[in-house]
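# for reference, the sequence and a predicted model appear below.
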Amino acid sequence: MIYFDNSATTPCLPEAGAEALKYMTSQYFNPAAAYAPAVQTEREVNAARAYVLSEISREPGDLIFTSCGTESNNTAVFGSLSAMRSKGRVIVSAVEHPSVYEAAIELRERGYDVVFAPVDATGRVRLDALGGLVNADTRLVSIMHVNNESGAVNDINAIRALIKKAAPDCLLHVDGVQAFMKLPPVGCDLYSVSGHKLHAPKGVGALYVKKGVRLKPYLVGGGQEAGLRSGTTNVPGIMAFSLAVRDFSAHRDEYVSGMEAVRSRLYNDLSSIKDVKLNGPGPGEGAPHILNVSFMGVRGEVLLNALSERGLMVSTGSACAAHKRGRNRILNAMGILGERQDGAIRFSFSHFNTVGEADAAAGIIEEQVGILRRFKRR
Ligand code: PLP
């Protein structure tokens, strides 16, 4: 099997899996308990917290462990606004993941003035347009660091400067689920990450909260995570996540250049097929691990199934988005419509992939696209 759907989820690093098992079977203590092994476990969780925090931000702040990127995003959006005294404007980009986009729709129903920032043809937020949307009443801006469908990278530091100039008290939340560790840290008030996108098990995420930013808890109960996220601490998930982050950090250059090499190779290989169009940034630009292309005259879902039969796993877009025909919100916002939208396939890579796999995948794709186009002409 060739697995090119790493933006949906990644294989768990075996060492991270072993770490999780250790904290499930031998060091299984509840860190909130008072006896010595539990206190030791709490120390280890807090060391993991300090380490992951140091990889997310260079500015002072805290880290709350959550269950996933979705929870981190929901906590950031609802938690920060609930802690404010008044409602006002909320800006999110038109291409946010549903865990931010749907939260924004809910906020509109609750009486917030919600506006969507447009993107360019690659999926990057248009700074000129964003500048026109931020007013003195703006409470929160939420913009993703890397777009999960196109691989576009937003210039968060420039966005931050623009927002703070027009609305100094406005908070900036960044969904960093696809960017964390693959791109250098950025400055913001809230930053969301997810373990399973980075070779940790599913069921763990984190939210960075800049010093001084107030949050109202989203989950209440036992007061874990400094009262900001109740629920018995997911020690196995947290310890495995920290180990996976450490592994990525130790091999960062090698991993990132490896993914970039696979992406460039696949793009070059696919460029020799007729009527292939790139959606999003090309090699050398954008995130190192995402490539989105359209095979004109072919339906993406049909091609996806044909490729899956041949052992190549890809996606027609984010696994979380409901994709009715012509209804890909992200590609719509990028102006990619009609036959080009219908034929879009997202390839996403991890450091486990090789250029040999890219060549093999391109061979399978060329063959299947040829068959489907001949079939269509009949
Ligand atoms: N944000 C982005 C950009 C994503 O790509 C995803 C998952 O695909 C999420 C948030 C949600 O993360 P999780 O699956 O951990 O809830």
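Received the coordinates, thanks. Keep in mind the model is a prediction, meaning the values are calculated, not measured.
# flag every buried residue along stretch 9-29.
Neighbour counts over stretch 9-29 (16 or more other Cβ atoms under 10 Å) mark 9-10, 12-13, 16-17, 19-20, 23, 27, 29 as buried. Yep, even glycine has a C-beta here, placed from its N, CA and C like the rest.
# wait, which of those is closest to K182?
If you rank these by distance to K182 using Cβ to Cβ, T10 comes first, at 11.6 Å.
# for the closest one, which three-state class applies?
coil (DSSP: H, G, I helix; E, B strand; the rest coil).
# I'd say it and H199 touch.
Yes: shown here, T10 and H199 form a contact pair, counting by Cβ atoms under 8 Å, at 4.9 Å.
# overlap in contacts of these two?
Shared contacts of T10 and H199 (Cβ atoms under 8 Å, 6 or more residues apart in numbering): S350.
# so which residues of the stretch 51-200 of the chain form helices?
Assignment of helices within the stretch 51-200 of the chain using DSSP state H, counting those that start in this stretch yields the ranges 69-74, 80-82, 98-109, 127-133, 156-166.
# most packed of those?
Among those, ranked by average contacts under mean count of other Cβ atoms under 10 Å, first place goes to helix 69-74 (a mean of 25).
# just give the nearest non-adjacent residue to whichever residue of the stretch 51-200 of the chain sits closest to the ligand, would you?
Nearest residue of the stretch 51-200 of the chain to the ligand, counting by Cβ to the nearest ligand atom: G69, 2.6 Å away. Spatially, and ignoring its direct neighbours in sequence, G69 is nearest to S194 (3.3 Å; Cβ to Cβ, 6 or more residues apart in numbering).
# got a pLDDT number for A319?
pLDDT for A319: 50.
# let me see the domain layout of the protein.
As recorded under automatic domain parsing, the domains making up the chain are 2-8+252-374, 14-249.
# and those domains, which one is worst for confidence?
Looking at the domains of the chain, the bottom one is domain 2-8+252-374 with a mean of 94.
# rewinding a little: what is the burial count for the residue nearest to G69?
A total of 28 residues lie near S194 under the criterion other Cβ atoms under 10 Å.
# quick check, T316 in contact with V302.
No: judged on Cβ under 8 Å, T316 makes no contact with V302 at a distance of 9.8 Å.
# for these two, indicate the residue with more neighbours.
T316 (23 against 16).
# need the nearest residue in space to that one, chain neighbours excluded.
Once flanking residues are discounted, T316 sits nearest to G300: 4.0 Å by Cβ to Cβ, 6+ apart.
# for that neighbour, what are its contacts?
294, 316-317, 342-345.
# the ligand: which of those residues is nearest?
Closest to the ligand out of the contacts of G300 is G317 (10.4 Å), distances taken as Cβ to the nearest ligand atom.
# tell me what the longest helix that the chain contains is packed against?
Ranked by residue count, the top helix of the chain under DSSP state H comes out as helix 355-377. Judged by 3 or more Cβ pairs under 8 Å, 6 or more residues apart in numbering; DSSP states H and E, the packing partners of helix 355-377 are strand 2-3, helix 252-271, helix 300-309, strand 312-313.
# for the nearest residue to F180 once chain neighbours are set aside, which residues are in contact?
Setting aside the residues directly before and after it, F180 is nearest to V193 in space (Cβ to Cβ, 6+ apart), at 4.3 Å. Applying Cβ under 8 Å, 6+ apart, we find V193 in contact with 52, 56, 69, 72, 176-177, 180, 205-208.
# out of the contacts of G300, who's nearest Y35?
G317 (49.1 Å).
# C-alpha coordinates for stretch 191-211, CSV please?
Extracted in CSV, the C-alpha atoms of stretch 191-211 (Å, rounded to 0.1, in the frame of the first residue of the first chain):
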residue,chain,number,x,y,z
TYR,A,191,-2.6,28.1,18.7
SER,A,192,-4.3,24.7,18.1
VAL,A,193,-2.4,21.4,17.4
SER,A,194,-3.4,17.7,17.1
GLY,A,195,-1.4,14.6,18.0
HIS,A,196,-2.6,12.2,15.3
LYS,A,197,-1.4,14.5,12.5
LEU,A,198,2.1,14.1,13.8
HIS,A,199,2.5,10.4,14.4
ALA,A,200,1.0,10.3,17.9
PRO,A,201,-2.1,8.2,18.6
LYS,A,202,-5.6,9.6,18.1
GLY,A,203,-7.3,11.2,21.1
VAL,A,204,-4.8,14.0,22.1
GLY,A,205,-4.4,17.6,21.1
ALA,A,206,-3.3,20.8,22.7
LEU,A,207,-4.1,24.5,22.8
TYR,A,208,-1.5,27.2,23.4
VAL,A,209,-2.8,30.2,25.4
LYS,A,210,-0.6,33.3,25.4
LYS,A,211,0.1,34.7,28.8
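# done for today, thanks.
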